[in-house]
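Q: With the sequence up front, the predicted model follows.
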Amino acid sequence: MTVEVREHQLPLTDDRLIEAIADAAAAARIETYLVGGFVRDRLLGREVKDIDLLAVGDDGTRVLADIARRFDWAPPQRFERFGTGQVRGGGFVVEVVRARAESYDASSRKPDVRPGTLAEDIWRRDFTVNALCQTLDGRIIDVTGRGLDDLRHHVLRTPLDPEQTFSEDPLRMFRAARFAAQLGFTTAPGLTAAMSRMARRSEILSAERVAEELRRLLTSEHPRAGLEVLRDGGLLAVWLPELESMVGVEQGGFHIYDVFDHSAHTVAGVSPDLLTRLAALLHDVGKPPTHAIDEHGKHTFYDHAGVGATMATDLLSRLRFSNEEIAATALLVRHHLRPIQYQPKGWGDAAVRRLVRDIGDQRNRLLELARADTHASSFPDTDAIDELEQRMARLDAGGAVSHLRAPVDGNEIVRLAGGRRPGPWVGRVQRAVEEAVIDGAVPPGDADAARRWLEEHRDLFEG
């Protein structure tokens, strides 16, 4: 007996998917190529699940519809605003765009678009390594004549004059920084100089688009390389002046870098978690406005952590980060010095509990930030931070301190006060009870002990 095995029942690989795309394109008689990041990453040996197609003289919808039918995927979606179509399934995303030529108005990022040839479409792309294309039978086409060589040498170069490329779409300057961070590529000679000349053109971009590129840069494998491109390309001055102010600010002491380079090394020293890397990037953002040199010639930055928390909040708000992301980052910036300043013999249990309470759910991120901050100086010993981590865990068994609440609620406090009318004083008394728990005078969660403590401190009811 013969058993029919349909396409969607077989394990899906990119080779099988490309074969299916080739069959669909041939059946529809549509000239179709693999392009962009898919070709680049495949040649680099990187796993890639997003397949970009370029259709010449057609929008490619029939190819996507055929693929969807073959693998029992949902029908294709069209995104008219971007002129693309997309189909998803089996862990893959297949996107097609019609080959086009573009011309730009100097006051806008919106191009005047018309159907174009393969060559016209390729030459308008951002970088030569992203301008490579491949036939569906596997032949690489290097229209610019530079893409393969630049890929071998890990270089970012624009197909056309870089100022023209960046003027047409200034987001490409941020993409250069992001690709440097993702791929570890260097920029071609003159590229960052061209970015500096065109940096002001980026003012037409939305904060959301810039923030998305920054997110992707920070969570990449080589974030320091990307940050250096932003610096050298003049984009910090336009979009992140707080970071631009960090460049060239000396620190002295154990520090071996200026504030910006130290922060970039700190970012590279933490895991690719967005919040941890945001905190690493901004932990010393308060240093430039607080910088002074005392009578002994020592660099000082009094309260830079507190100032930096406010600055981080303003910066991330301007870039439309979420309230949760902003609050967590500001909290880490505000407290980033405390683990570094920890002294095993100088800190009592109350001081450790207070840090546990203040940092809450961000404890692991704070400790990782502190280690990276230390390693990014000439004093890489983090033994004290390791001991602090163990002590915090011991004193916060079960989360009793990090999720601390007063063992008695407001109604109970009003009753103990003899019926005094509720008011702001209730919150003050609750906070005093919490401090008693932190100091060890009241065991966490012990309501009876809290009542006894309040009876001994009835003056709190009178304030």
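A: Happy to help now that I have it. Residues are numbered from 1 along each chain as shown.

Q: Outline the domain layout of the chain.
A: 1-149, 154-239, 270-399, 410-462 (automatic domain parsing).

Q: just the ones you listed: most buried one?
A: domain 154-239 (a mean of 20; mean count of other Cβ atoms under 10 Å). In this view, the C-beta of every residue, glycine as well, is placed from N, C-alpha and C.

Q: thinking again about what came up before, would a markdown table of the domains of the chain with mean pLDDT be doable?
A: Putting these into a markdown table (pLDDT from 0 to 100) gives the following:
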| stretch | mean pLDDT |
| --- | --- |
| domain 1-149 | 86 |
| domain 154-239 | 97 |
| domain 270-399 | 93 |
| domain 410-462 | 86 |
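
Q: Adding distance to residue 262, write the ones you listed out as a markdown table.
A: Output for the domains of the chain, formatted as a markdown table (distance: least, Cβ to Cβ, whole Å):
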| stretch | distance to residue 262 |
| --- | --- |
| domain 1-149 | 30 |
| domain 154-239 | 11 |
| domain 270-399 | 5 |
| domain 410-462 | 33 |
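
Q: OK, contacts around residue 200?
A: For residue 200, the contact set (Cβ atoms under 8 Å, 6 or more residues apart in numbering) comprises residue 238.

Q: how would you label it: helix, strand or coil?
A: helix (DSSP: H, G, I helix; E, B strand; the rest coil).

Q: if I look at residue 340, how far off is residue 53?
A: With distances taken as Cβ to Cβ, to the nearest Å, residue 340 is found 51 Å from residue 53.

Q: Make sure residue 95 is indeed in a helix.
A: No: counting by three-state DSSP, residue 95 is not part of a helix but strand.

Q: Specify the beta-bridge partners of the nearest residue to it once chain neighbours are set aside.
A: Leaving aside its chain neighbours, residue 95 sits nearest to residue 86 (4.7 Å; criterion: Cβ to Cβ, 6 or more residues apart in numbering). Per DSSP bridges, residues listed as beta-bridge partners of residue 86: residue 77, residue 95.

Q: List the contacts of residue 86.
A: Residues near residue 86 by Cβ under 8 Å, 6+ apart: 64, 76-77, 79, 93-96.

Q: for residue 39, same thing?
A: The neighbours of residue 39, taking Cβ under 8 Å, 6+ apart as the test, are 132-134, 140.

Q: Secondary structure element for it, which one?
A: helix 37-43 (DSSP states H and E).

Q: Pull the CA coordinates from that helix and hand them back as PDB.
A: Presented in PDB, the C-alpha positions along helix 37-43 are these (Å, rounded to 0.1, in the frame of the first residue of the first chain):
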ATOM      1  CA  GLY A  37      19.900  39.600   5.600                       C
ATOM      2  CA  PHE A  38      19.000  36.000   4.700                       C
ATOM      3  CA  VAL A  39      21.700  35.700   2.100                       C
ATOM      4  CA  ARG A  40      24.200  37.600   4.300                       C
ATOM      5  CA  ASP A  41      23.600  35.400   7.300                       C
ATOM      6  CA  ARG A  42      23.600  32.200   5.400                       C
ATOM      7  CA  LEU A  43      27.000  33.000   3.900                       C
END
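
Q: so what's the residue nearest the centre of the chain closest to, chain neighbours aside?
A: Centroid-nearest residue in the chain: residue 215, 2.8 Å away (criterion: Cα atoms, centre = their mean). In space, and not counting its chain neighbours, residue 215 is closest to residue 274: 6.1 Å by Cβ to Cβ, 6+ apart.

Q: Roughly how far does that neighbour sit from residue 332?
A: 12 Å.

Q: hang on, the earlier thing: thought the residue nearest to residue 215 was touching residue 217?
A: No: judged on Cβ atoms under 8 Å, residue 274 makes no contact with residue 217 at a distance of 10.6 Å.

Q: so who does residue 121 touch?
A: 54, 56, 99-101.

Q: wait, which of those residues is closest to residue 383?
A: residue 54 (56.0 Å; Cβ to Cβ).

Q: Tell me the strands beside the host helix or strand of the closest one, with direction?
A: Assessed by DSSP H and E, residue 54 sits inside strand 50-56. Strand pairing for strand 50-56, using DSSP bridges, gives strand 31-35 (antiparallel), strand 92-98 (parallel).

Q: Nearest to residue 459, out of the contacts of residue 86: which one, please.
A: Closest to residue 459, out of all of those and judged by Cβ to Cβ, is residue 93, at 66.0 Å.

Q: of all the domains of the chain, which lies closest to residue 246?
A: Using Cβ to Cβ, the domains of the chain put domain 270-399 closest to residue 246, at 5.8 Å.

Q: I'd like the distance from that closest one to the chain centre, please.
A: In terms of Cα atoms, centre = their mean, to the nearest Å, the centre of domain 270-399 is found 18 Å from the chain centre.

Q: okay, how far is it across that domain, tip to tip?
A: Domain 270-399 has an end-to-end distance of 25 Å (criterion: Cα to Cα, to the nearest Å).

Q: one step back: do you know which of the domains of the chain lies nearest residue 248?
A: Nearest to residue 248, of all the domains of the chain, is domain 270-399, at 9.4 Å by Cβ to Cβ.

Q: Quick check, residue 410 in contact with residue 424.
A: No: contact criterion Cβ under 8 Å: residue 410 and residue 424 do not qualify, at 11.1 Å.

Q: what ranges do the strands span in the chain?
A: With strands called from DSSP state E, the chain shows them at 31-35, 50-56, 77-79, 84-89, 92-98, 100-104, 111-115, 133-135, 140-141, 155-156, 186-187, 291-293, 299-301.
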